[in-house]
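Participant: Make a model of this:
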Amino acid sequence: MSAQQSVLLIAGSPSEQSRSSALLDSVSHRLALRGGLVVDRLNIRELPAQALLLAEWGHPAIVKAIAQIARARAVVVATPVYKAAYSGLLKVLLDVLPQTALKEKTVLPLATGGSPHHMLALDYALRPVLQALAARHILPGVYATDSQVPQSADKRYEVGPDIAVRLDDAVLTLLAESFRQPATAGFEPVHFSRVRCSV
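Facilitator: The predicted structure follows:
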């Protein structure tokens with residue numbers, strides 16, 4: 001996998017189905033439309049809890065996760081916001097990463113929370129940690145409230161149209177910053193009824 005054309009999606013939710021994972025799925029769909037990119041995914045909840053909590057850097061699963069991040073040219077991090085901070089699951093992963101884990105990488109943060117009041121968690125809680133890990137460029141994050149990622153009748157989370165537009169812009173910026181792809185190309189029109197996201 002070439003770091004010149006790879007994007008890693010990091011899911012920081014402890015739940016199998018979540019609104020933050022729905023945002024990540026939506027980004028994954030948009031990246032797939034571009035072609036020529038290798039899109040990988042790291043679900044932190046699938047990593048062994050003991051190895052994370054005890055910072056067992058030599059554990060095969062932790063070694064693999066760190067290698068996934070090292071290979072990526074761009075990283076998209078999605079997390080729910082709890083008590084004005086990103087998830088504890090994401091925190092334990094970030095804690096075990098090398099100090100330069102995000103060096104030369106462009107990072108797009110995504111977050112979901114119960115109210116607009118928690119949106120500052122992206123800038124005041126998550127961004128400083130990403131900077132400490134030497135990220136080359138941290139893009140403006142996309143924050144969505146619960147009402148903007150509603151649950152459908154079949155229990156799947158759907159990205160609302162206003163957030164879908166913001167994700168379009170965010171992905172185009174990510175591609176332009178990371179891979180020098182034109183930011184004006186846009187995406188094919190997708191009817192809202194087709195926007196269904198789940199883990």
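
Participant: which helix of the chain spans the most residues?
Facilitator: Ranked by number of residues, the top helix in the chain under DSSP state H is helix 161-179.

Participant: For this protein, which segments count as strands?
Facilitator: 6-11, 38-43, 74-82, 85-86, 106-113, 137-138, 142-145 (DSSP state E).

Participant: I'd like to know which elements the longest helix of the chain is packed against.
Facilitator: helix 19-34, strand 74-82, strand 106-113, strand 142-145 (3 or more Cβ pairs under 8 Å, 6 or more residues apart in numbering; DSSP states H and E). C-beta: built from backbone N, CA, C; applies to glycine.

Participant: Quick check: pLDDT value at Phe187.
Facilitator: pLDDT recorded at Phe187 is 46.

Participant: follow-up on the earlier one: among the strands of the chain, which is nearest Glu177?
Facilitator: Closest to Glu177 of the strands of the chain is strand 106-113 (Cβ to Cβ; 4.7 Å).

Participant: Partner strands of the closest one and their direction?
Facilitator: strand 74-82 (parallel), strand 137-138 (parallel), strand 142-145 (parallel) (DSSP bridges).

Participant: any idea which of those is most buried?
Facilitator: Compared across these, strand 74-82 shows the largest average neighbour count, a mean of 26 (mean count of other Cβ atoms under 10 Å).

Participant: got the angle for that strand vs strand 6-11?
Facilitator: Interaxial angle, strand 74-82 versus strand 6-11 (axes from the mean of the first three to the mean of the last three Cα atoms, to 10 degrees): 10 degrees.

Participant: chain center to strand 74-82: distance?
Facilitator: 4 Å (Cα atoms, centre = their mean, to the nearest Å).

Participant: Go through the longest helix of the chain and flag the buried ones.
Facilitator: Neighbour-count burial for helix 161-179 flags 163-164, 166-168, 170-175, 177-179 (criterion: 16 or more other Cβ atoms under 10 Å).

Participant: Would you convert these into TSV that also reports distance to Gly36?
Facilitator: Formatted as TSV, the buried residues of helix 161-179 follow (distance: Cβ to Cβ, whole Å):
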residue	distance to Gly36
Ile163	26
Ala164	23
Arg166	24
Leu167	20
Asp168	18
Ala170	19
Val171	14
Leu172	15
Thr173	18
Leu174	14
Leu175	10
Glu177	16
Ser178	12
Phe179	9
